[in-house]
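1. predicted structure and sequence below. I'll ask about it afterward.
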Amino acid sequence: MNDGVNGVALAVFVFFFLAVTVMGFLASRWRRAANENSLDEWGLGGRSFGTWVTWFLLGGDLYTAYTFVAVPAAIYAAGAAGFFAVPYTILVYPLIFTFLPRLWSVSHRHGYVTTSDFVRGRFGSKGLSLAVAVTGILATMPYIALQLVGIQAVLDVMGVGGGENTHWFVKDLPLLIAFGVLAAYTYSSGLRAPALIAFVKDTLIYLVIAVAIIYIPIKLGGFDAIFAKAGDALSQTNPKTDKPFGALVPGEMGQWGYATLALGSALALFMYPHSITATLSSRSRDVIRRNTTILPLYSLMLGLLALLGFMAIAAGVKVTNGQLAIPQLFENMFPDWFAGVAFAAIGIGALVPAAIMSIAAANLFTRNIYKDFLKPDATPEQETKVSKLVSLLVKVGALAFVLTMDKTVAINFQLLGGIWILQTFPALVGGLFTRWFHRWALLAGWAVGMIYGTAAAYGVASPTQKHFGGSSTEIPGIGEIGYIGLTAFVLNVLVTVVLTFVLRATNAPDGVDETSPEDYTADAGDPGVETEAPKLTAATH
């Protein structure tokens, strides 16, 4: 790692950072509406984005700096087990093709801004809606923190901020500046800012990966040499565990863990609030359907990106924090000017999702906590103001997390967030297809899944952590090691189904469903499609 500042790389990084900053502030004038004081405009970009804007926005939302840094870092640390991210992003698109268009239609019909809005309207339950909202906010916070960790990793490799003995304020000043800029243009422009910047972000990422996948193997002697060196390094014994560091191919013992993690992650990905926020910003049902068919292009990119982990091993990159492996690989292998381009891709790849995530979390708080419980008569202007302020607070919380906690802990808390958010699947996806589940049963199933998932994750230790050291443990009744989130999800569904039978048999009071069957297939031009705030009648039951 450089002892000093890489001036050329830093200059290129700053150029792109300033460019997207200007774009972020100018985005407030892009497709400006007559009335900007509503969550539809600030939080969903006026629900006006077409196929390509939505594609870039969803790509910028889902394929983040965390993806760029952590996926190859997992392969750098453990080998092929880190490739689980590739099959889960392939599995997810046929899945979302079945339910995202339905969610878009009913949300546009009733003016729903969040998943909790839909759950409240479908099941007539503020309690269930609150549970979904709180889960979404909790799961999003560490995800935002990880984006800031990605920026910090790039700054560390460029030598910005000084050494370990530097005063904390000076050391963290570049991150504080990046945070301030992100907060300012998100507050000003809302979802339009990340939507516009996503074009730059994705272009840079595709460029960097295309160059890296050709240029770096040439310098390292080809893929044969890369795989041979990586295989040798991963087969060495880890002194902390007395086991090999990893393997080029997952062993039989790891297959259950690999498969359950991939499946559970696929089920969870579009439960995150930021995924739904980007989805609801599109202008028609067909835009969503088209995007589910072209988004797999990002999975191709992800597979190539994952190979960078093997390249880092073959290149002899040595870092104590695996999240620095890929930035350091770029620093070592690329000319300084192109290393700056690569660092800019990672940095901007953090800004886009961080902005969307903070907007999504703020919308949840505003619509499903502030409006439902604190100020039911809030005007659209008041909602927008509260959401803007909360988006700032969410970023401050994520920044505090990054500045005060061990950076390696951030990934484990993000994995815990994945376990949590998966527990909202029965209420959201189940509710899109059937009203049979009872609202109290869904709430009980959610609680069981959350408690089991959190307790099981708490009991997982790692060489560096006593608790929350991973997201896999023994599956009860099977004896294999598997993804905790999927086990919790199965328990959640079982409790929901059994209690629904009981509650239906005892005629327990049900909530009022404000939706109708035709709402789930409606398009933007159909009669009755609204984008106003949802009615509050059903929410009061």
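-> All right, it came through fine.
2. mind checking how far stretch 235-244 is from the chain centre?
-> 32 Å (C-alpha atoms, centre = their mean, to the nearest Å).
3. and the end-to-end length of it?
-> 5 Å (C-alpha to C-alpha, to the nearest Å).
4. tell me the contacts of Pro498?
-> One thing to correct before we go on: residue 498 is Val, not Pro. Counting by C-beta atoms under 8 Å, 6 or more residues apart in numbering, Val498 makes contact with Ala441. C-beta: built from backbone N, CA, C; applies to glycine.
5. give me that answer again for 10 Å
-> 441, 444-445 (C-beta atoms under 10 Å, 6 or more residues apart in numbering).
6. got it, and Gly477?
-> Thr487.
7. what about it, which SS state?
-> coil (DSSP: H, G, I helix; E, B strand; the rest coil).
8. tell me the confidence at it?
-> Predicted confidence (pLDDT) for Gly477: 88.
9. report the longest helix in the protein, please.
-> Identified as the longest helix of the chain according to DSSP state H is helix 126-158.
10. distance between that helix and the chain's centre?
-> 8 Å.
11. helices or strands next to the helix or strand just after it in the packing?
-> Per DSSP states H and E, the first helix or strand lying C-terminal to helix 126-158 is helix 168-189. If you count contacts as 3 or more C-beta pairs under 10 Å, 6 or more residues apart in numbering; DSSP states H and E, helix 168-189 packs onto helix 7-26, helix 39-42, helix 126-158, helix 192-220, helix 336-365, helix 380-404.
12. using CSV, please lay out these together with mean neighbour count, mean pLDDT and distance to Ile419.
-> Compiled in CSV, the helices and strands packed on helix 168-189 are given as follows (neighbours: other C-beta atoms under 10 Å; pLDDT from 0 to 100; distance: least, C-beta to C-beta, whole Å):
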stretch, mean neighbour count, mean pLDDT, distance to Ile419
helix 7-26, 17, 91, 33
helix 39-42, 25, 88, 29
helix 126-158, 25, 89, 9
helix 192-220, 20, 91, 26
helix 336-365, 27, 92, 18
helix 380-404, 19, 89, 18
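13. looking at the ones you listed, spot the one closest to Gly431.
-> helix 126-158 (9.4 Å; C-beta to C-beta).
14. next, the angle from that closest one to helix 336-365.
-> 160 degrees (axes from the mean of the first three to the mean of the last three C-alpha atoms, to 10 degrees).
15. I'd say Phe68 and Asp202 touch.
-> No: in this structure Phe68 lies outside contact range of Asp202 using C-beta atoms under 10 Å: 11.5 Å.
16. residues shared between the contacts of those two?
-> 345, 349.
17. what are the phi and psi angles of Lys243?
-> phi -130, psi 160 (degrees, to the nearest 10).
18. now stretch 219-233 - C-alpha only, PDB.
-> The C-alpha coordinates for stretch 219-233 follow below in PDB (Å, rounded to 0.1, in the frame of the first residue of the first chain):
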ATOM      1  CA  LYS A 219       0.000  -8.900 -16.700                       C
ATOM      2  CA  LEU A 220      -0.400 -12.000 -14.500                       C
ATOM      3  CA  GLY A 221       0.300 -14.600 -17.200                       C
ATOM      4  CA  GLY A 222      -3.300 -15.600 -18.100                       C
ATOM      5  CA  PHE A 223      -6.100 -17.200 -16.300                       C
ATOM      6  CA  ASP A 224      -4.300 -20.600 -16.000                       C
ATOM      7  CA  ALA A 225      -1.600 -18.900 -13.900                       C
ATOM      8  CA  ILE A 226      -4.200 -16.900 -11.900                       C
ATOM      9  CA  PHE A 227      -6.200 -20.000 -11.000                       C
ATOM     10  CA  ALA A 228      -3.100 -22.000 -10.200                       C
ATOM     11  CA  LYS A 229      -1.700 -19.400  -7.800                       C
ATOM     12  CA  ALA A 230      -5.100 -18.800  -6.200                       C
ATOM     13  CA  GLY A 231      -5.600 -22.500  -5.700                       C
ATOM     14  CA  ASP A 232      -2.200 -22.900  -4.000                       C
ATOM     15  CA  ALA A 233      -2.800 -19.900  -1.800                       C
END
